[in-house]
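Trainee: Fold the following and give me the result.
(one chain, ligands or ions: 1)
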Amino acid sequence: MSDSTDQPTPTTLPEPFPTDWTRCLVLVAHPDDTEYGMSAAIARWTAEGRSVVYVLASSGEAGIEGMAPSIAGPIREEEQRRSAAHVGVHTVEFLGFPDSRIVNNGDLRDAIADSIRKHRPDVVVSLYSGAEFAPGFPNQSDHIEFGAAVGAAYDDVVAAAGVDSREGRPQMWFESDPQPSHYVDVKGFIEPAVDALAEHREYMSVLDPQTPVRDQARAQVERMVAPVEGLADGDPVVGFTRKRP
Ligand SMILES: [Zn+2]
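Mentor: Purely as a prediction, here's the structure:
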């Protein structure tokens, strides 16, 4: 594997995700952020005996239209816990930052850094924080702000530990990304990912009342892990971009 920090060019095929690690901390802004593709990779990792923990900035309490945040928050936390269990994740923590009003401030960076110190991951994985997923498909402000906070917190923790120190955890930081530098072959792990997304029942049934939740989930996951020509023998893949080191 490469230690290159170069940004991938569109003509560069992604390389396999590193395997020399055991502990992963997944940091995302909202319930269900892990479920649009990433969870298939997480299912593979936990099946391989790696440990994965989820820490979420918010409880997604603003995410169900027509439902009071005080009711929606606990529902979405419970949906996220059930979802995580399908892909072998049994530790799910919520930091309590306000859904749809997440800002990259000192409180958020401190909370993220505390999570990194507490869980001592080898790998931090977070959601894509670029401006748009594709031309005309802008990313959400929460994701952009949160991703910037993850990067700053990562740098703080690594700097405090000393770059060459064994305790300089985490060793790597990746974002789940539409233009990935790395990929995970997720053949055989589509079903747990569909199960995981389908647990966001309340959220998805409000979003699209016409389509059964499980059908929505399958379509979304299959779209997100679609095979890439020339990669992984045509198996479904999940893409990640290495941000550090
Ligand atoms: Zn989100």
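Trainee: Distance check, V92 against A134.
Mentor: 29 Å (CB to CB, to the nearest Å). Backbone N, C-alpha and C define where each C-beta goes, glycine included.
Trainee: Which of these two has more residues huddled nearby?
Mentor: Comparing V92 with A134 by other CB atoms under 10 Å, the one with more neighbours is V92, at 20 against 8.
Trainee: Now the more buried one: closest residue in space, sequence neighbours ignored.
Mentor: Using CB to CB, 6 or more residues apart in numbering and skipping residues adjacent in sequence, the residue nearest V92 is Y54, 4.6 Å away.
Trainee: Neighbouring strands - and their directions - for the helix or strand hosting that neighbour?
Mentor: Per DSSP states H and E, Y54 falls inside strand 51-56. In the sheet, strand 51-56 lines up against strand 23-28 (parallel), strand 92-94 (parallel) (DSSP bridges).
Trainee: now check it, is it near the ion?
Mentor: No: Strand 51-56 stays clear of the ion (CB under 5 Å from the ion), getting no nearer than 9.3 Å.
Trainee: same thing with stretch 193-204?
Mentor: No: Stretch 193-204 stays clear of the ion (CB under 5 Å from the ion), getting no nearer than 10.9 Å.
Trainee: Okay, buried residues for that stretch please.
Mentor: 193-204 (16 or more other CB atoms under 10 Å).
Trainee: Pick out the most distant pair among those.
Mentor: A193 and E202 (19.1 Å; CB to CB).
Trainee: ok, and what's touching the top strand by length along the chain?
Mentor: When secondary structure is assigned using DSSP state E, the longest strand within the chain turns out to be strand 237-244. Residues outside strand 237-244 that contact it (CB atoms under 8 Å, 6 or more residues apart in numbering): 5, 8, 14, 17, 37-38, 40-41, 125, 128, 151, 154-155, 158, 172-186, 224-225, 227-228, 231.
Trainee: and with 7 Å instead?
Mentor: 14, 17, 37-38, 40-41, 125, 151, 154, 172-177, 179-186, 225, 227-228, 231 (CB atoms under 7 Å, 6 or more residues apart in numbering).
Trainee: Using CSV, write out the CA atom coordinates for stretch 16-36.
Mentor: Output of stretch 16-36 as CSV, limited to C-alpha atoms (Å, rounded to 0.1, in the frame of the first residue of the first chain):
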residue,chain,number,x,y,z
PRO,A,16,-7.3,-1.4,-1.8
PHE,A,17,-8.1,0.0,1.6
PRO,A,18,-5.3,-0.8,4.1
THR,A,19,-5.7,-3.9,6.3
ASP,A,20,-3.0,-3.3,8.9
TRP,A,21,-5.3,-2.1,11.6
THR,A,22,-7.8,-3.4,14.2
ARG,A,23,-9.8,-0.5,15.6
CYS,A,24,-11.9,1.9,13.6
LEU,A,25,-13.9,5.0,14.9
VAL,A,26,-16.6,6.1,12.5
LEU,A,27,-17.5,9.8,13.1
VAL,A,28,-20.6,11.2,11.3
ALA,A,29,-23.0,14.0,11.7
HIS,A,30,-26.4,12.2,11.6
PRO,A,31,-28.1,8.9,12.1
ASP,A,32,-28.1,7.1,8.7
ASP,A,33,-24.9,8.8,7.4
THR,A,34,-23.1,5.5,7.7
GLU,A,35,-25.8,3.6,5.8
TYR,A,36,-25.4,4.9,2.3
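Trainee: just the helices in this structure please.
Mentor: 38-47, 69-86, 106-119, 141-161, 190-198, 201-207, 213-224 (DSSP state H).
Trainee: Packing partners of the shortest one?
Mentor: Helices and strands touching helix 201-207, as assessed by 3 or more CB pairs under 7 Å, 6 or more residues apart in numbering; DSSP states H and E, comprise helix 69-86, helix 213-224.
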